[in-house]
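Peer 1: Provided below are the primary sequence and the corresponding predicted coordinates.
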Amino acid sequence: MNFTILLDYIGTFAFAISGIRMAAAKKFDWFGAYVVGLVTAVGGGTIRDLLLGITPFWMQQPSYIIITGIALLVVIVFGKKLVRMNTTMFLFDAIGLGLFTVVGFEKSLDAEFPIWVSIIMGTLTGAAGGIMRDILINEVPLIFRKDIYATACILGGLIFYICMKIGISNAMCEIFGAASVIIVRIWAVRKSVSLPLMKDDSSDDEEEMKGRS
Amino acid sequence: MNFTILLDYIGTFAFAISGIRMAAAKKFDWFGAYVVGLVTAVGGGTIRDLLLGITPFWMQQPSYIIITGIALLVVIVFGKKLVRMNTTMFLFDAIGLGLFTVVGFEKSLDAEFPIWVSIIMGTLTGAAGGIMRDILINEVPLIFRKDIYATACILGGLIFYICMKIGISNAMCEIFGAASVIIVRIWAVRKSVSLPLMKDDSSDDEEEMKGRS
Amino acid sequence: MNFTILLDYIGTFAFAISGIRMAAAKKFDWFGAYVVGLVTAVGGGTIRDLLLGITPFWMQQPSYIIITGIALLVVIVFGKKLVRMNTTMFLFDAIGLGLFTVVGFEKSLDAEFPIWVSIIMGTLTGAAGGIMRDILINEVPLIFRKDIYATACILGGLIFYICMKIGISNAMCEIFGAASVIIVRIWAVRKSVSLPLMKDDSSDDEEEMKGRS
């Protein structure tokens, strides 16, 4: 099993764990937790593949289904102990984010879409699973309100593109792209850097909503 | 009209009724109730077809649109009376669940996907509509927290597969597969059997969420 | 740039503004607001294209991504002032609704789907973005509870169809179809006309939900 695949599985595991633990915090049953974990792990890539018009990656071999199952067992068995491992899980999660972004970016380029679409697809691959997770547990998506998360993916895509332009080998482009996502993500959480928040100017939502319905 | 189609329509009707009644409980208007009913009835099969890369079944002939319209009229006209018919509606619903599972399972096999994908597709066909319904009415998906529901679909897929393996006629496989879903579903609700719930170990959600964002 | 494209961009802008302002009312960050704005603007057309099995329109040229970015800047910079422009924004929004409906209707006919599918696709194009916006901000979809919104799209599709049947030129069919959506929408909000609401007959939700899970 090559290194990229290993990182892909580590990222999948970390994403699944995060979904399963949030489902646990909502007292979901084992099946519900598994679904939330799976959606967190493969949801972003699935939307990407549907938009690109190709068969979702997780339907081509069962690894992702199995890894999510292992993640469920780990949460059920180790439960509390995991809380003490938050830093490790966060690092795994950041690694997954970086790798998913690069995978999504390249998959979109291979499908012959322009750079700007590829950057969006890389970001979707990394960030959409977490949004779907939050919709399933009926919370406002976390990444819309705190930290630098999807923006790190956008940056990663840009770095990858620049590396391509200046003619660096593909392997190096992947490493620089993924690394930039991981570093920015870790830096943002360490320094708790966030994007500016919108100001609520609609003192009169009523009107505003009537406008749009 | 053959028997399978009849059961398919009965299931569609029952799923639509359940969606429309939940929308009614939320004071939706007629259009909103119709949409929720339609999504409950065809949502699972639609996701399955998108994942399989084929045109959604309900776009090929208008029956499902019409049946949902009839369901809306029934709820508007009979309203209260339906409450007394909950057992009947539950049975229709269980029949629909069993049939939808088998249909989804076979459709996926026909598209030449492996068994494990087919089992997932059967489960999606039966259970995803209810999840989408709950997202539309802004509730935490019910099947993630109570009863045996999607797990009955997984079992039904397995039974279908075993029947195939031991070389039973396809018709019999369908009957055994669907029946097992229906029986398990009825048994679970009668005995109010549920899957074990996850324990909330994240005494400190803050940390946990920071980990994932 | 021809007139239809201009109207399409005006509608996109208005839809994006509405999403961004609702995200602002929820204190989303800039990225979250951008995503909600984009989903509001292109979400309906994206679902339509996925159902029709074609590449989502916004992936074929970057205008929609850019227009949403401009909408974000406008909300950030002008904020409060926009509240005073609600009527203008509402008109833009109604224009967008009418145009999106016609575009979706024709795109579906071009893909050789029957009229009833085309009417549904036109309605999805106009109304699904707002539903997705409300799911992202974790609210019950507004159009399920107030005003005439999606029903105006259905009517617009029917008018378009009738115009085709009586052999009016395509350009005129488009104008009549879009105009009917816009007029009905404006009329409904002016007179605050709504569809009848469902009555909540399930005095016993428990039972009811048990029925469906």
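Peer 2: That came in fine, so what should we check first? Numbers count the residues shown, from 1 in each chain, chains lettered A, B, ... in the order given.
Peer 1: buried sites along the helix or strand where residue A:94 lies?
Peer 2: Assigned by DSSP states H and E, residue A:94 falls within helix A:86-110. The neighbour-count check on helix A:86-110 (16 or more other C-beta atoms under 10 Å in any protein chain shown) flags A:86, A:89-109 as buried. Heads up, the C-betas are built off the backbone N, CA and C, glycines and all.
Peer 1: what of stretch A:195-203?
Peer 2: Using 16+ other C-beta under 10 Å as the test for burial, stretch A:195-203 gives A:195, A:197-198, A:201-202.
Peer 1: what does stretch A:170-181 give?
Peer 2: Neighbour-count burial for stretch A:170-181 [16+ other C-beta under 10 Å]: A:173-178, A:180-181.
Peer 1: the buried residues of helix A:86-110 also near chain B: which ones?
Peer 2: The residues of these that also fall near chain B, by C-beta under 8 Å from any C-beta of the partner chain, are A:86, A:89-90, A:93.
Peer 1: okay, the closest residue to chain B within chain A: pLDDT?
Peer 2: Closest contact between chain A and chain B, by C-beta to the nearest C-beta, is at residue A:32 (2.7 Å). Looking at residue A:32, its pLDDT is 95.
Peer 1: with residue A:7 instead?
Peer 2: Note for residue A:7: predicted pLDDT of 85.
Peer 1: format the buried residues of stretch A:170-181 as TSV; extra columns: pLDDT and secondary structure.
Peer 2: Shown next, in TSV, are the buried residues of stretch A:170-181 (pLDDT from 0 to 100; DSSP: H, G, I helix; E, B strand; the rest coil):
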residue	pLDDT	secondary structure
A:173	94	helix
A:174	92	helix
A:175	92	helix
A:176	95	helix
A:177	95	helix
A:178	94	helix
A:180	96	helix
A:181	96	helix
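Peer 1: thinking again about what came up before, does the residue of chain A closest to chain B touch residue B:145 like I think?
Peer 2: Yes: under the criterion of C-beta atoms under 8 Å, residue A:32 makes contact with residue B:145 at 6.2 Å.
Peer 1: before we move on, back to that, near chain C too, which of the buried residues of stretch A:195-203?
Peer 2: Filtering the buried residues of stretch A:195-203 for proximity to chain C by C-beta under 8 Å from any C-beta leaves A:195, A:197-198, A:201-202.
Peer 1: check which helix or strand the residue lying closest to residue A:91 once chain neighbours are set aside maps to.
Peer 2: Spatial nearest neighbour of residue A:91, excluding adjacent residues (C-beta to C-beta, 6 or more residues apart in numbering or on different chains): residue A:186 at 7.5 Å. Element membership for residue A:186, per DSSP H and E: helix A:170-190.
Peer 1: and residue A:72, what does it touch?
Peer 2: Neighbouring residues of residue A:72 by C-beta atoms under 8 Å, 6 or more residues apart in numbering or on different chains: A:16, A:20, A:30, A:33-34, A:37.
Peer 1: could you dump the residues you listed into TSV and include neighbour count and secondary structure?
Peer 2: Shown next, in TSV, are the contacts of residue A:72 (neighbours: other C-beta atoms under 10 Å in any protein chain shown; DSSP: H, G, I helix; E, B strand; the rest coil):
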residue	neighbour count	secondary structure
A:16	31	helix
A:20	31	helix
A:30	21	helix
A:33	28	helix
A:34	26	helix
A:37	31	helix
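Peer 1: which of the residues you listed sit farthest apart?
Peer 2: Largest separation among these by C-beta to C-beta: A:16 and A:30, giving 13.4 Å.
Peer 1: can you add distance to residue C:151 and give the buried residues of stretch A:195-203 back as TSV?
Peer 2: Listed next are the buried residues of stretch A:195-203 as TSV, based on distance: C-beta to C-beta, whole Å:
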residue	distance to residue C:151
A:195	38
A:197	36
A:198	31
A:201	30
A:202	26
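Peer 1: of the residues you listed, which is the nearest to residue B:116?
Peer 2: Lowest distance from residue B:116 to the buried residues of stretch A:195-203 (C-beta to C-beta) belongs to residue A:195, with 40.3 Å.
Peer 1: quick one, phi/psi of the closest one?
Peer 2: Residue A:195 adopts backbone torsions of phi -80, psi 160, taken as degrees, to the nearest 10.
Peer 1: contacting residues for it?
Peer 2: A:148, A:151, C:29-31 are the contacts of residue A:195 under C-beta under 8 Å, 6+ apart.
Peer 1: just give the nearest non-adjacent residue to it, would you?
Peer 2: Residue A:195's closest residue in space is residue C:29 (C-beta to C-beta, 6+ apart), at 4.0 Å.
Peer 1: my guess is that neighbour meets residue A:197, correct?
Peer 2: Yes: contact criterion C-beta under 8 Å: residue C:29 and residue A:197 qualify, at 5.2 Å.
Peer 1: which residue is the nearest non-sequential neighbour of residue A:172?
Peer 2: residue A:163 (6.5 Å).
Peer 1: state the number of residues packed around the one you found.
Peer 2: 19 (other C-beta atoms under 10 Å in any protein chain shown).
Peer 1: how much space between the spatially most central residue of chain A and residue A:40?
Peer 2: The residue lying closest to the centre of chain A (C-alpha atoms, centre = their mean) is residue A:126, at 3.0 Å. Distance from residue A:126 to residue A:40, counting by C-beta to C-beta, to the nearest Å: 12 Å.
Peer 1: mind checking pLDDT for whichever residue of chain A sits closest to chain C?
Peer 2: Across chain A, no residue is closer to chain C than residue A:144, which sits at 2.7 Å (C-beta to the nearest C-beta). pLDDT recorded at residue A:144 is 93.
Peer 1: gap between it and residue A:200?
Peer 2: Remark: distance between residue A:144 and residue A:200 (C-beta to C-beta) = 14 Å.
Peer 1: helices of chain A, start to end?
Peer 2: Under the criterion DSSP state H, chain A contains helices at A:3-25, A:30-52, A:63-78, A:80-84, A:86-110, A:115-136, A:150-165, A:170-190, A:205-212.
Peer 1: burial count for the residue nearest to residue A:9 when sequence neighbours are not counted?
Peer 2: Closest residue to residue A:9 in three dimensions, ignoring its sequence neighbours and counting by C-beta to C-beta, 6+ apart: residue A:67, at 5.8 Å. Counted with other C-beta under 10 Å, residues neighbouring residue A:67 total 24.
Peer 1: so residue A:67 sits right up against residue A:13, yeah?
Peer 2: Yes: if you go by C-beta under 8 Å, residue A:67 and residue A:13 touch, sitting 5.3 Å apart.
Peer 1: the residue nearest to residue A:9: what's it in contact with?
Peer 2: Contact analysis of residue A:67 by C-beta under 8 Å, 6+ apart lists A:9, A:12-13, A:16, A:41.
Peer 1: residues touching the nearest residue to residue A:140 once chain neighbours are set aside, list them.
Peer 2: Leaving aside its chain neighbours, residue A:140 sits nearest to residue C:138 (4.5 Å; criterion: C-beta to C-beta, 6+ apart). By C-beta under 8 Å, 6+ apart, residue C:138 lies in contact with A:135, A:138-140, B:138.
Peer 1: relative to residue A:31, how far out is residue C:138?
Peer 2: 23 Å.
Peer 1: do residue A:82 as well
Peer 2: Note on residue A:82: its distance to residue A:31, by C-beta to C-beta, is 20 Å.
Peer 1: what about the residue nearest to residue A:195, how many neighbours?
Peer 2: 21.
Peer 1: before we move on, the earlier item: overlap of the contact sets of residue A:67 and residue A:13?
Peer 2: Taking C-beta under 8 Å, 6+ apart as the contact rule, residue A:67 and residue A:13 both touch residue A:41.
Peer 1: and the ones next to chain B among the buried residues of helix A:86-110 as TSV, adding pLDDT?
Peer 2: Shown next, in TSV, are those (pLDDT from 0 to 100):
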residue	pLDDT
A:86	82
A:89	83
A:90	89
A:93	88
